[in-house]
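>>> here are the coordinates; sequence isn't available:
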Ligand SMILES: C[S@@+](CC[C@H](N)C(=O)[O-])C[C@H]1O[C@@H](n2cnc3c(N)ncnc32)[C@H](O)[C@@H]1O
């Protein structure tokens, strides 16, 4: 019989970070697919997305950074499985011609830091919509901070905004993608929270330990708090 190990917080962090580095540097996120479509995510985060969609029931997901459309399709399929109303608007500066078609998905061609793009998406919202915002385009600090400043206004009281890839710049990994080297999404979150005390880090979505978005699940405080 083995004793069940009790990991100290430091030991748990060391082990999780080790696996994170292994997964990241082997580029396993680069070969992950949903229904055959590339999805640049850690599967643990996709699972958490499913939990968030089911429990929080956002009426619309706004994703900055479509790539091949794998996450947009995943979210659309989750809405299908839930039998719920829900749509996905996904924005990219370089749209993929091969992106999957699905009646719930709307593709928007533009830059996520262009106020004109923001306005097009905002104009398409319906009264009472409760958007979930996902920032997953470029991941350098200046770009993410510009996105946060633009898109946070669509997040309802108690709602979530997810900042992807806060793991770069040593949290715990480093990227070799030139525009995203140096201060990144983690540092953008710090700067944004200093400006916007109405948002806070929600640690609950980090429950599975392994996430590409440490301190990246931001919640707007509920009204009256
Ligand atoms: C990390 S990938 C997105 C991954 C996708 N969300 C997924 O989960 O599979 C980043 C995408 O951001 C796009 N991108 C880069 N700069 C952008 C900008 N200024 N506005 C919108 N999209 C941008 C790139 O073309 C690329 O497709």
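Perfect, I can see it now. These figures come from a predicted structure and were not determined experimentally.
>>> And residue 86, how close does it get to the ligand?
From residue 86 across to the ligand, the span is 17 Å (Cβ to the nearest ligand atom, to the nearest Å). Any C-beta I mention is one placed from the backbone N, CA and C, and that applies to glycine too.
>>> With residue 24 instead?
Residue 24 is 13 Å from the ligand, by Cβ to the nearest ligand atom.
>>> swap in residue 196?
On the measure of Cβ to the nearest ligand atom, residue 196 and the ligand end up 21 Å apart.
>>> Could you do residue 114 as well?
Counting by Cβ to the nearest ligand atom - residue 114 and the ligand are separated by 8 Å.
>>> Distance from the helix ranked longest in the chain to the middle of the chain?
Counting by DSSP state H, the longest helix found in the chain is helix 9-25. Relative to the centre of its chain, helix 9-25 is centred 20 Å away, using Cα atoms, centre = their mean, to the nearest Å.
>>> after that helix comes which helix or strand?
Sequence-wise, the next helix or strand downstream of helix 9-25 (DSSP states H and E) is strand 33-34.
>>> elements contacting the strand or helix carrying residue 49?
For residue 49, the host element (DSSP H and E) is helix 43-56. Judged by 3 or more Cβ pairs under 8 Å, 6 or more residues apart in numbering; DSSP states H and E, helix 43-56 is in contact with helix 70-82, strand 131-135.
>>> mean confidence for the shortest one?
Computed over strand 131-135, the mean pLDDT rounds to 98.
>>> Then the first one?
When the per-residue pLDDT values of helix 70-82 are averaged, the result is 98.
>>> Can you give me the buried ones in it?
Buried residues in helix 70-82, counted by 16 or more other Cβ atoms under 10 Å: 70, 71, 72, 73, 74, 75, 76, 77, 78, 79.
>>> So for stretch 24-37, mean pLDDT?
96.
>>> how far does it sit from the chain's center?
For stretch 24-37, the distance to the chain centre is 16 Å (Cα atoms, centre = their mean).
>>> Buried residues in that stretch, which are they?
Buried residues in stretch 24-37 (16+ other Cβ under 10 Å): 24, 29, 32, 34, 37.
>>> first to last residue in it, what's the distance?
Using Cα to Cα, to the nearest Å, one end of stretch 24-37 lies 19 Å from the other.
>>> Just the residues contacting it, thanks.
Applying Cβ atoms under 8 Å, 6 or more residues apart in numbering, the external contacts of stretch 24-37 come out as 23, 38-43, 46, 68-71, 73-74, 77, 100, 167, 173, 212.
>>> For the nearest residue to residue 203 once chain neighbours are set aside, grab the count of nearby residues.
Distance criterion Cβ to Cβ, 6 or more residues apart in numbering; nearest residue to residue 203, sequence neighbours excluded, is residue 217 at 7.6 Å. Residue 217 has 23 neighbouring residues, counting by other Cβ atoms under 10 Å.
>>> Tell me the backbone dihedrals of residue 217, please.
Per-residue torsions, residue 217: phi -100, psi 100 (degrees, to the nearest 10).
>>> just the one 5 residues further on next, same as before
Its backbone dihedrals place residue 222 at phi -60, psi 150, with angles given as degrees, to the nearest 10.
>>> Name all residues that make contact with it.
Contacts of residue 222 (Cβ under 8 Å, 6+ apart): 157, 158.
>>> and it, how far is that from residue 202?
Counting by Cβ to Cβ, to the nearest Å, the separation of residue 222 from residue 202 is 12 Å.
>>> returning to that earlier point: gap between the residue nearest to residue 203 and the ligand?
Remark: distance between residue 217 and the ligand (Cβ to the nearest ligand atom) = 15 Å.
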